[in-house]
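Participant: Dropping the sequence and predicted coords here.
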Amino acid sequence: MKKTLTLLVFALLAINTNQAQIGFNPESGCILDSDGNCLPSTILSAVPFLRIIPDARGGAMGDAGIAASADPNAIHYNSSRLAFAEKDASFSATYTPWLRNLGLNDVFLTYLTGYKKVDDLQTIGFGLRFFSLGEINFTDNDGNPAGTGQPRELEFAVSYNRKLSENFSAGLTAKYIYSNLASGQRVGNTDINSANAFAADLSLTYKKKGNLAANGSLWTFGAAVTNLGSKITYTGNVIKDFLPANLGLGAGLQLNFDEYNSMTFLFDINKLLVPSPISPTLVDEFGVTSDNPDYDAGGEVGPDYKEQSMFSAVVNSFGDAPGGFSEELKEYTMSFGMEYWYSGQFAVRAGYYYENPLKGDRQFITVGAGLKYNVFQIDLSYLVPTNNRRNPLDNTLRFTLQFDFAALTGDQS
């Protein structure tokens, strides 16, 4: 039953269904329940696994990483960071248990990444993300067994990154996405199929040296638009779901106190470039409901906000919240991170992540550590929720192993 619940949770994330509600109230600026309380209006998309922070380093710093120093996992946050990579080549592998608190041992995320410098200006990166939801026992509407399945999702990415000047770089990433949640099953007269999509990331990084510490400092600013791509469907419907396109902006400050001690502070802000959900009904101050004319003005197959093209959705996502500007601000998430290195060999990290209660309510503190020895580096992270909202990574230790080819060959330039 737990595994069936797991599949249901991710199916709801992939198929944007309406929550229990009586309608949107313009005066309150939110969707109300029968008691007059504001209900969450979380922005949902297909294949949400693309937005899971895949590595332990970023996971230990409140999911911040857009303006962090270059490592193989930069391809998730901001691949243009790789143009500033100091080593010739590096490889990373991460394993993240998922929903371990529910006693599930076969639900996990693995992430393999690497990069290779072509020359002083150019760097090539790659990433392979695999998300397994374990084995699921399917049943029909009457509760009869309907076979078993192994839902799984995959992303393969390749990036090209180039310095445009001594302090500025740009990156372009191409992605192939595959999602198989319940292929071969049938709901009513509808066959469930696997889904495929293509997407791209565009990213920029700017670095500037300073003298805020005894051994110098380094400012880093980054921007990344990720998961821009084709819409996706599991049923062949005319109305398709959006990929989790996202705009991320980040800033970082590294302070080098002496040759042994350094500290980095990171701040990221992210916004999904996906339409805000619209309630099909309106409710006035007297509790009277009526049809929402903005839900399906044309009377087509589905709601208007889901019929937009990808480009229209991206542009409109900055001003389409039914609650106006105040609701738009609630759609931004914030990450704060800190990283301390001693002698370039031992790191301690901490961070905080905030999401508005009406837009997902993920709020947690993260901690972690890193140890670099010879050709290897291992990073660990742990998540501690700061509210009553359950998190798939509650009480879960995840780790990343990084392999430094330059250290192996003795080339530390």
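Facilitator: Arrived safely, thanks for sending.
Participant: Please count neighbours and contacts with C-alpha atoms only from this point.
Facilitator: Will do.
Participant: what's the neighbour count on residue 326?
Facilitator: Counted with other CA atoms under 10 Å, the neighbours of residue 326 add up to 11.
Participant: got it, and residue 286?
Facilitator: When neighbours are counted by other CA under 10 Å, residue 286 registers 6.
Participant: Over to the one 3 residues further on?
Facilitator: When neighbours are counted by other CA under 10 Å, residue 289 registers 15.
Participant: burial of the residue lying closest to it once chain neighbours are set aside, as a residue count?
Facilitator: Ranked by CA to CA, 6 or more residues apart in numbering and with sequence neighbours excluded, the top spatial neighbour of residue 289 is residue 283, at 4.3 Å. By other CA under 10 Å, 21 other residues sit near residue 283.
Participant: What lies in contact with the longest strand anywhere in the chain?
Facilitator: Longest among the strand segments of the chain by residue count, using DSSP state E, is strand 195-210. When contacts are defined by CA atoms under 8 Å, 6 or more residues apart in numbering, strand 195-210 is touched by residues 67, 78-81, 167-180, 216-234.
Participant: what lines up beside that strand in the sheet?
Facilitator: According to DSSP bridges, strand 195-210 has the following sheet partners: strand 168-180 (antiparallel), strand 217-229 (antiparallel).
Participant: Nearest to residue 387, out of those?
Facilitator: For residue 387, the closest of those is strand 217-229, at 28.7 Å, according to CA to CA.
Participant: Any buried residues in that closest one, and which?
Facilitator: For strand 217-229, burial by neighbour count (16 or more other CA atoms under 10 Å) applies to 217-229.
Participant: rewinding a little: would you mind writing the CA trace of the longest strand of the chain as PDB?
Facilitator: C-alpha atoms of strand 195-210 as PDB (Å, rounded to 0.1, in the frame of the first residue of the first chain):
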ATOM      1  CA  ALA A 195       6.500  10.000 -22.000                       C
ATOM      2  CA  ASN A 196       9.500  11.700 -23.800                       C
ATOM      3  CA  ALA A 197      10.700  15.300 -24.000                       C
ATOM      4  CA  PHE A 198      13.600  17.400 -25.100                       C
ATOM      5  CA  ALA A 199      14.700  20.500 -23.200                       C
ATOM      6  CA  ALA A 200      17.500  23.000 -22.900                       C
ATOM      7  CA  ASP A 201      19.200  25.200 -20.300                       C
ATOM      8  CA  LEU A 202      20.800  28.600 -20.700                       C
ATOM      9  CA  SER A 203      23.200  29.900 -18.100                       C
ATOM     10  CA  LEU A 204      25.600  32.800 -17.300                       C
ATOM     11  CA  THR A 205      28.300  33.300 -14.700                       C
ATOM     12  CA  TYR A 206      30.200  36.500 -13.700                       C
ATOM     13  CA  LYS A 207      33.200  36.500 -11.300                       C
ATOM     14  CA  LYS A 208      35.000  39.500  -9.800                       C
ATOM     15  CA  LYS A 209      37.900  39.400  -7.400                       C
ATOM     16  CA  GLY A 210      38.000  41.700  -4.300                       C
END
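Participant: next one: that strand to chain centre, how far?
Facilitator: 13 Å (CA atoms, centre = their mean, to the nearest Å).
Participant: Now render the buried residues of strand 217-229 as JSON lines, adding distance to residue 278.
Facilitator: Shown next, in JSON lines, are these (distance: CA to CA, whole Å):
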{"residue": "217", "distance to residue 278": "46"}
{"residue": "218", "distance to residue 278": "44"}
{"residue": "219", "distance to residue 278": "40"}
{"residue": "220", "distance to residue 278": "38"}
{"residue": "221", "distance to residue 278": "34"}
{"residue": "222", "distance to residue 278": "32"}
{"residue": "223", "distance to residue 278": "29"}
{"residue": "224", "distance to residue 278": "27"}
{"residue": "225", "distance to residue 278": "24"}
{"residue": "226", "distance to residue 278": "24"}
{"residue": "227", "distance to residue 278": "23"}
{"residue": "228", "distance to residue 278": "22"}
{"residue": "229", "distance to residue 278": "22"}
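Participant: I'm done for today, thanks for sticking with me.
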